Structure formats: C-alpha cells, structure tokens
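Chemist: sharing a sequence plus its predicted fold:
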Amino acid sequence: MRRTPLAATCLVFSLMVACQASSGFFTEDERNELYAVVASRSEETIADGAVLSMLSQASFSVAILDGAQDPASFDLRVVDASDSVISTTSYVKTSSVGSRALGPGEKTVDSFKSGRMAPVVATEPADGYYRYEYDFRNEQGASLQSGSLQVFKLSSGNLDAEIGVYPSSFGTGDAGLLLARLETPASSRPYVKWSTGGVPLPEGAGLVSGGLDRIVWQGSTMPGAVTISMDLYPFPPAAGAEFEFDAPVRKTVKLLVLERGSGDTLLRSGNGFFSLFRLEGDAADARKGWGSTAFVGKPYLDMYPGGFGYRLGARPGSGPDAGKYSGAGIAVGNGRLPVSGGGLAPFSYVVRFLPEAGATGVIVSHMFDNGCRIALGAKDGFPYLSFEAPGKTIVFASPSPLPGRAMTLAVSLLPRKGRISVDFSYDGVVVSSQSAAFDRSVETWSFSGTASVAGPDGFPALYDDVGVYAAGAEGAADLYPAFQEAAYREYRDELVFASAFESAQPAIAFAPWAVRRELPGLVIPAGERFTAGKTVRSDKAFRFDLSGDPIVVAFEAPGGDSLAISFQRSGSFVVILGGKTVGAGSVPSGSWSIAFEPGSERDALTVGDARFMVDFPATGELRVSLANIGTQASVVETALLRYVREVVGKSRPGLEESGIGAGRR
C-alpha cells in the first residue's frame, strides 16, 4: 500500500466531499484516499517541514469518507533519519478490544472521527529530522491506507537567516558571491538549498558545515531581473535523498543583471595569460596552460571590498580571520612555464589578493623534475622571488612590504643575454627593479614538474586571481602591463591610454617601436618623434601625466593647429602655440602633468602648478606625439592620458563640420 503525504490526503478528501461521493464504488486511487488525516499542535495545523520542540506535541485527527470501511486501528510510528523506529503507538476502537488486555503501545479510542491521537514517546530523542508514519488497518490487520508527516525536532533556539549578494550589481556573465548569515541552534546541522528563478543551482545544496552558506554564482548571460532563493532546513535529509517539501525558512533577494560593457581588465578577459586561476568557485585554470588542477585542504570562500575569492595558505596564532586559514591551496599536476628560443621566456606572475600584513609563506611555486625550483613568496610581508638550482640560489627581494589591503602584485621576469631582470610592482607602481647573472636554458628551468599556489606552507591571503602572463598569448606583450591595468581599474571609460612600456615587444601606445632597457621605458633617440596610436578629443578636458627624461609633448589637429610643451633638462619648460612661445615656467625634473580644459572664450592649460589661458582653435581629434629635440636619447618611463570631465564651450568655425557637434562639450 503506498504511503501518502498528509497534505495530499487532505486535499483529495476535500474534493471528494465537495463532489458528494457517497456511493459504494471507489476507484483504486480513491480507495487509497479514504481517510483524511490532519496533524496539529495546540490547534495549529502542521505540515511537512514543521519544527517541533517535542515529538509528543503533534496530535492527529481523522475524517472518514462516506462509504469507507471503518478501520479497526490507527498505527502511529515515529521514525528517525536512519529509518529506526523510535516509538510505536496503536489506537484501537474500544468496541473491538472486548475483554482482552491491551498490548504494548496500544491505546483505545471510541471513534476515529472524534478523537485526537498522539504518539506516546517515552523519552524524547535528540534533535533531528523525523517522520510520523501511520497506517489504517482492518480487523485482519491488513493496511487500508498509510501516510507520513516529515518534521524537525529542535528542543530550543531559533532558526532564521538573512541572505545577500556580492557585489550588489552584476554584469552579464559576471560571477558573484551568494552569502547567508544564519541563526541556528547549536544542536542543529543546518542544510541549505540555493536556487535562481525556482531552478536549483548546481552544487547548491548541502550542509552549512561544508561551506554552503556561501557559494559562487555564475551570473546570467542575459540582462534582466533575477530572483535568488535560499531554503534553510535545520537538518539534512537521509543519505541519497532530498527534501521535496517547503523549508521552514526561505529567504529571497532580487537583483538586476545589466549588460556588461566591452572594456575589461586583462585579469577579467584572460587575454595574454599562459595560465589563470580566477578562483570563482573552483580551482580550474581558465587558460588551460597548466595540467590537472585541484584544491588541497579546505579553502574558505570569502569577500573583500572590491572582490571575492578563497583564503589560502596557513596562518598561525589568533585573530578575527585566523580560523579561516587551514593551509589550503591549489595543486598543479603539470606546472610548466613559457619558453622561447631554447630558454625560459619573459613572463609575469600576477596575483590579485588581500594579503595578511607581515606574514610569511609561499605564493606560487614551481618544482621541476631535475630538482630546480622557482618560488614567489613573502617573508615578514616583503615579497621575494627565488631561483634554486643545484649549487646556486638567486633571490630577488622587494624593499617594500605588501600593504594590508586588496592589491595586485605583479612580478615580471625578463631573461636575456645571460642576465635576468625582475620588477616588483604594486597596483601598477614599480617598487623595485633588479637584475643578476642568469642561465635561462630550458634544460634548467622548463623541465616538466609540478606547481602549487599557497598550501600548507603558503602565504596567508584572500586570493582573487593568480596567473602567469606570458609573451605570444593572443598577441600580448611579453610582460604584464601592470601600470595600464591599474589605470584602467581606476579610470575605466575616462582612460585614453596608459603605459609603463614594460614590453620588449613594440610599444602598444606609440610608434615607431621602442627599445627596452633594463628599467621599463620608451627610448626616444635624439631627433626622433613617436606618435600615439590613439587620439584625444579637443572638446573634452583631459590630463596627461608623464615621468622620465625631458621631451616635447605635442597635440596636433588635422588642420595643422598645434599646441606643444617643451620640457628641458634644467626643469624649465615653454608652451608653444602655432609655432609661437606663449608661456614658460619650471617643474620638478622627472615628472610632469599637463591638463587641458576647453572653455567658451579661451582654453585653460595647466603645466605642473602653472596655469595659462590660451586660444587653441583646434577642432576634432588631436594627435598626441612625443619628440626628443636633444642630443642624447630620452626615456619616457610612464605615460597616462585620460579625460577629466566634459566642458560646455562656445561654437567655433569648422566645429560643426568635424562631426562632433555644435559647440564644445
């Protein structure tokens, strides 16, 4: 005889009464629904998923369909999650007992239609998931109908939750963190199920102790409103089963997924990376440059201002986050590095993370089969890069400690001509450049082997992205453009271009091509001129920041109008408009800023702290160039050009024809 949930029993019974089903003929399904059972607690009806403080609280009343056989007994059992019977109570009609003595667990009832039947539980069991199972039986003991009610027992405490989504806004295809803050009794084993739009999330159901109070959600690829739900149960279902009833607690949150713009950071797009761990719910290599990858230990999924990831590495001692570091990491089966020309190729380690200030440990390590090892780590908060070969060890150490905030660490390696140059940069700023004699042969450094990220001896941090950026990947430069990436993170759509000229490849921003020296820089030979590959609009305010040796910076319109600032080695400069000197001043040597703001009558040009009012009649797009009029080579170390804000100005002849619009904006 099949077992029927109480809710279905009540519903079918109501429908049949409404149809006045009083004949003696019943279909097979109707014979299975002849008795309607209602469970209650202090006059309050309860259904599957109810939370009770005592199992003896529940009582059951029965309604019998007209024409149905009057049962001889009502058997009620309490069963735990392992299907062990906790108690059995059998209610029998007084008229059928006669003179015989009641057996163990038997109780009498004058009428099933008017009585309330409750289980007899001699000793209340531990908190957990339980089922009430019942059977109506005839005089011969055969089952007429059976059913069940699933409940949770919590002797004390409250069950509640709040959920949130990080970040608060999503672009199409973005990944985010779903978080639950739970209030549960100590005796419970909370179990959650996450869903979006009523569809369960893959791997979104499980014990909170297994980390399911926070999961990574790969956002919708289509823009629109999304409803995220979390169902909270105080205990898990039986092994291999799943709850099919409503949870005692359900929380929902709605968010809007917006169309994501085409611009992106390299960490986001993955372009140019040889291998890249995004750490968005798994340990997969998004670029598949490395072999088999898997988490080791128990990584803790967490968030920080601006992102989320996993806490990896080991942290001894105490503190608010100490318990989140269990020595977890990523193991890589084939941790090869990029090679070219028979030797180790230029590449960069790139790590986006929230480091623990002053900590010690390994960030990324490569162990080759021949016993050689390359390791990026930190000692007392100071990053280092070590090359360990039989009989020789080279260590490059940054003189600046890692800040205790979210940051991007880029460590770039440029092996060439028997030496290697190593640059450490924090959020796009080079803090150290070093070099040493080095054998880059593939026999030494590119044998097959293994690699790891963090781990039991790992540097404790909240890791967001970890990757190896290398030459030749989708036309990328050979070293990670940390300065450009940091500028894009800060300025986004306002950025025209930014470069620290890290590459030995042709410079992206300027042409003709540059020659890289030991330190990053764009080398401009005496008498040469380089032109930027991007233009800047004359009707928008912009700022140009440069560092390095003195040069001439020029902005030229298609019609031939030009505005130039010529910097001298003495620190002085002159402003040249249309071939005539219109201003002069001085700035600290080595770093300059130029700001241009179009006005309704005249334009404002600021060089350093000096401000000049000029009348620059140019319209349309301005070509930007750098020239060296000296007798020796000049090196530009960084260049950053960005828009500041739009300025409404006057209309000028020829502006309408430029296609930009009437008047400066």
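Modeler: The structure has been received and is ready for your questions. Numbers count the residues shown, from 1 in each chain.

Chemist: got a list of what Gly281 touches?
Modeler: Residues touching Gly281, when contacts are defined by C-beta atoms under 8 Å, 6 or more residues apart in numbering, comprise Ala175, Ile215, Val216, Gln218, Leu301. The way it works is simple: take the backbone N, C-alpha and C, and place the C-beta from them, glycine included.

Chemist: where's the fourth one relative to Arg287, distance?
Modeler: Okay, so that is Gln218. According to C-beta to C-beta, to the nearest Å, Gln218 stands 18 Å off from Arg287.

Chemist: more neighbours: the two, which one.
Modeler: Arg287 (21 against 13; other C-beta atoms under 10 Å).

Chemist: pretty sure that one contacts Phe273?
Modeler: Yes - contact between Arg287 and Phe273 holds when scored by C-beta atoms under 8 Å: they sit 4.9 Å apart.

Chemist: which residue comes closest to Ala238 once chain neighbours are left out?
Modeler: Ala81 (5.1 Å; C-beta to C-beta, 6 or more residues apart in numbering).

Chemist: for Glu124, see how far away that neighbour is.
Modeler: Here the criterion is C-beta to C-beta. By it, Ala81 lies 16 Å from Glu124.

Chemist: try Thr252
Modeler: For Thr252, the distance to Glu124 equals 34 Å [C-beta to C-beta].

Chemist: neighbour-wise, which of the two wins?
Modeler: Glu124 (14 against 11).

Chemist: okay, the closest residue to that one other than its chain neighbours and Lys153: tell me how far apart.
Modeler: Counting by C-beta to C-beta, 6+ apart, Met54 is the residue found nearest to Glu124 once chain neighbours are left out, at 5.6 Å. When distances are taken as C-beta to C-beta, Met54 and Lys153 turn out to be 7 Å apart.

Chemist: mutual contacts of the two, please.
Modeler: Residues touching both Met54 and Lys153 by C-beta under 8 Å, 6+ apart: Glu124.

Chemist: which one's more surrounded, those two?
Modeler: Lys153 (23 against 13).

Chemist: low-confidence regions, this structure specifically.
Modeler: In the predicted model, the chain carries pLDDT under 70 at residues 1-33, 260-264, 446-447, 471-477, 503-520, 645-665.

Chemist: all helices for it, in order.
Modeler: Secondary structure of the chain (DSSP state H): helices at 6-18, 28-31, 94-97, 266-269, 442-445, 482-491.

Chemist: partners of Gly176 in the sheet?
Modeler: Residues found in beta-bridge contact with Gly176 (criterion: DSSP bridges) are Trp217.

Chemist: what about it, distance to Gly147?
Modeler: Between Gly176 and Gly147 the distance is 42 Å, computed by C-beta to C-beta.

Chemist: who touches Phe616 in this structure?
Modeler: Taking C-beta under 8 Å, 6+ apart as the contact definition, Phe616 lies against Ser538, Asp561, Leu563, Leu577, Phe596, Pro598, Asp603, Leu605.

Chemist: any chance of these in TSV, with neighbour count and distance to Gly343 too?
Modeler: Listed next are these as TSV, based on neighbours: other C-beta atoms under 10 Å; distance: C-beta to C-beta, whole Å:
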residue	neighbour count	distance to Gly343
Ser538	26	48
Asp561	16	50
Leu563	23	47
Leu577	19	51
Phe596	22	46
Pro598	23	52
Asp603	23	53
Leu605	22	49
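
Chemist: from those residues, pick the one nearest Ala482.
Modeler: The shortest approach to Ala482 among these belongs to Phe596, at 27.0 Å (C-beta to C-beta).

Chemist: about what we covered before: got CSV for the contacts of Gly281, with distance to Glu490 too?
Modeler: Putting the contacts of Gly281 into CSV (distance: C-beta to C-beta, whole Å) gives the following:
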residue, distance to Glu490
Ala175, 22
Ile215, 30
Val216, 26
Gln218, 27
Leu301, 27
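
Chemist: count of neighbours near Pro236?
Modeler: Counted with other C-beta under 10 Å, residues neighbouring Pro236 total 22.

Chemist: leaving out chain neighbours, which residue sits closest to it?
Modeler: Distances taken as C-beta to C-beta, 6+ apart put Tyr191 closest to Pro236, at 4.1 Å, once the chain neighbours are dropped.

Chemist: what about that neighbour, distance to Gly206?
Modeler: Distance from Tyr191 to Gly206, by C-beta to C-beta: 7 Å.

Chemist: for the two, indicate the residue with more neighbours.
Modeler: Set side by side, Tyr191 and Gly206 show more neighbours around Tyr191, with 22 against 16, by other C-beta under 10 Å.

Chemist: quickly list what that one is bridged to.
Modeler: Going by DSSP bridges, Tyr191 forms beta bridges with Leu207, Tyr233.

Chemist: shouldn't it be in contact with Ala238?
Modeler: No - here Tyr191 lies out of contact with Ala238, judged by C-beta under 8 Å, at a distance of 11.5 Å.
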